[in-house]
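Undergrad: only the shape, not the letters, is given here:
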Ligand code: CDP
């Protein structure tokens, strides 16, 4: 019987969390749960239905009726793969406003904890080490300068054929970091027992190796 493990990866926007979480997840056969995708799905559906951030009752009903699960690292909402849509800049611009609502967080945190009870998971987000997987033995906090993070996001979106503007991406990242780290409920914050890795100094392979080595050593 393999022991139950869970891995938490937090950090600001564009720090490389999802790329690294997918690689580490493959290595240890963990289900990758992209919690940012879940907040993005809420923002997408709210936008489609014209529900603004003050209409808490409508948001709660909407979330109760959403079926979300992950398949091959992509978020499936009500049977449809929405990964492409939720990572568009127009969703990035509004997601933090929805993610600041305590009632929205409470619903999504409950869903995320249920997933972690059922599966061995690697989760990335903002409050994984501090709230969702508070008891995890494996917590990592990835950082990089805002300029480096904007550069990565720029390349990523450009490679998808989108028309992107570096300055606008940098502005969005700085704004989102501010909203995420100053909100009243479960703000973006390094857990006291998380290992901080500044990924400006390492490439993806190196960060993945640091994390995998740490987990391997602890499991021995
Ligand atoms: O991919 P990127 O780093 O740009 O962001 P993300 O992980 O997709 O998260 C999008 C947004 O969702 C964040 O800016 C937060 O506002 C919110 N979020 C959150 O509040 N808590 C989480 N556990 C994950 C994301």
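TA: Nice, I can see it. Remember, it's a predicted structure, so these values are computed and weren't measured experimentally.
Undergrad: got the contact list for the residue nearest to residue 71 when sequence neighbours are not counted?
TA: Once flanking residues are discounted, residue 71 sits nearest to residue 81: 7.4 Å by CB to CB, 6 or more residues apart in numbering. Just so you know, the C-beta spots here come from the backbone N, C-alpha and C atoms, and that holds for glycine as well. Each residue near residue 81 by CB atoms under 8 Å, 6 or more residues apart in numbering is listed here: 71, 74-75.
Undergrad: so for stretch 126-139, mean pLDDT?
TA: Average pLDDT, stretch 126-139: 98.
Undergrad: in it, what counts as buried?
TA: 126-133, 136, 138-139 (16 or more other CB atoms under 10 Å).
Undergrad: ok, stretch 45-53 next?
TA: 45-46, 51.
Undergrad: for it, which outside residues touch it?
TA: The contact list for stretch 45-53, computed with CB under 8 Å, 6+ apart, reads 58-59, 62, 66, 77, 90-91, 94, 97-98, 100-101.
Undergrad: try it again at 7 Å.
TA: Contacts of stretch 45-53 with the rest of the structure, by CB atoms under 7 Å, 6 or more residues apart in numbering, involve 58-59, 62, 66, 94, 97-98, 101.
Undergrad: got the contact list for residue 42?
TA: Counting by CB under 7 Å, 6+ apart, residue 42 has contacts 63, 98, 104.
Undergrad: does any part of the strand or helix carrying it sit near the ligand?
TA: Assigned by DSSP states H and E, residue 42 belongs to helix 35-49. Yes: using CB under 6 Å from any ligand atom, helix 35-49 reaches the ligand at 35-36, 39-40.
Undergrad: would you turn those residues into JSON lines with pLDDT?
TA: Listed next are the residues of helix 35-49 next to the ligand as JSON lines, based on pLDDT from 0 to 100:
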{"residue": "35", "pLDDT": "98"}
{"residue": "36", "pLDDT": "98"}
{"residue": "39", "pLDDT": "98"}
{"residue": "40", "pLDDT": "98"}
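Undergrad: got these as TSV, with distance to residue 187 columns?
TA: Shown next, in TSV, are the residues of helix 35-49 next to the ligand (distance: CB to CB, whole Å):
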residue	distance to residue 187
35	14
36	15
39	14
40	18
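Undergrad: about what we covered before: ranking the contacts of residue 81 by neighbours, who comes first?
TA: Highest neighbour count within the contacts of residue 81, by other CB atoms under 10 Å: residue 75, with 23 neighbours.
Undergrad: any idea how far that residue lies from the ligand?
TA: 10 Å (CB to the nearest ligand atom, to the nearest Å).
Undergrad: could you do residue 168 as well?
TA: 14 Å.
Undergrad: ramachandran angles for that residue?
TA: When read as degrees, to the nearest 10, the backbone of residue 168 gives phi -70, psi -40.
Undergrad: show the low-confidence segments of the protein, by residue range.
TA: For the chain, the stretches with pLDDT under 70 are 1-2.
Undergrad: and the strands in it?
TA: Listed in chain order, the strands of the chain (DSSP state E) span 6-10, 31-34, 68-71, 74-77, 80-81, 121-125, 138-143, 195-198.
Undergrad: strand partners of the first one, parallel vs antiparallel please.
TA: Just to be clear, that refers to strand 6-10. strand 121-125 (parallel), strand 138-143 (parallel) (DSSP bridges).
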